[in-house]
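In: Fold the stuff below for me.
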Amino acid sequence: MPVNLSPSLSLSISFVDSFKFFTILFSYLRRLLEVQPPSPFRYIIGAAIMMIGVVFPVGYMMFRNNRVPSSSSYSKQT
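Out: Alright, predicted model coming up:
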């Protein structure tokens, strides 16, 4: 036999159910987003990526035009 609940009682039950749902969801997200300290291997991989992506290209751009030819014709042109 179905039981007819008053609207206030059904509202409180749905609020409790939604509160439990969000509590479980937030605890799952907190566990999922928890950050562990990086291992030394991660530091080495990050340093290698920085060297390849930033340090080498910037160094190449800085020093590629600093080579001066030693011929005397170069000094006459300037």
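In: In the chain, where is pLDDT below threshold?
Out: Counting by pLDDT under 70, the chain contains low-confidence ranges at 1-13, 15, 66-78.
In: Mind checking what secondary structure Glu34 has?
Out: Per DSSP: H, G, I helix; E, B strand; the rest coil, the secondary structure class of Glu34 is coil.
In: And it, how far from Val54?
Out: Using Cβ to Cβ, to the nearest Å, we find Glu34 at a distance of 29 Å from Val54. Placement of C-beta: from N, CA and C, glycine included.
In: more crowded one of those two?
Out: Neighbours per residue, other Cβ atoms under 10 Å: of Glu34 and Val54, the larger number sits with Val54, 10 against 7.
In: Enumerate every residue touching that one.
Out: Residues counted as contacts of Val54 (Cβ atoms under 8 Å, 6 or more residues apart in numbering): none.
In: what's the helix or strand that Arg42 is a member of in contact with?
Out: For Arg42, the host element (DSSP states H and E) is helix 40-50. The contact list for helix 40-50, computed with Cβ under 8 Å, 6+ apart, reads Pro38.
In: quick one, phi/psi of Glu34?
Out: The phi/psi pair for Glu34 (degrees, to the nearest 10) reads phi -70, psi 130.
In: Following element in sequence after the helix holding Arg42, please.
Out: Using DSSP H and E, the helix or strand that follows helix 40-50 towards the C-terminus is helix 56-63.
In: List the contacts of that following helix.
Out: Looking at what lies outside helix 56-63 - Cβ under 8 Å, 6+ apart - there are no contacts.
In: The same query, at a cut-off of 10 Å, please.
Out: Outside helix 56-63, the residues that touch it by Cβ atoms under 10 Å, 6 or more residues apart in numbering are Met50, Met51.
In: and that helix with helix 40-50, angle?
Out: 40 degrees (axes from the mean of the first three to the mean of the last three Cα atoms, to 10 degrees).
In: Kindly provide the distance from Phe41 to Ala47.
Out: Distance, Phe41 to Ala47, using Cβ to Cβ: 11 Å.
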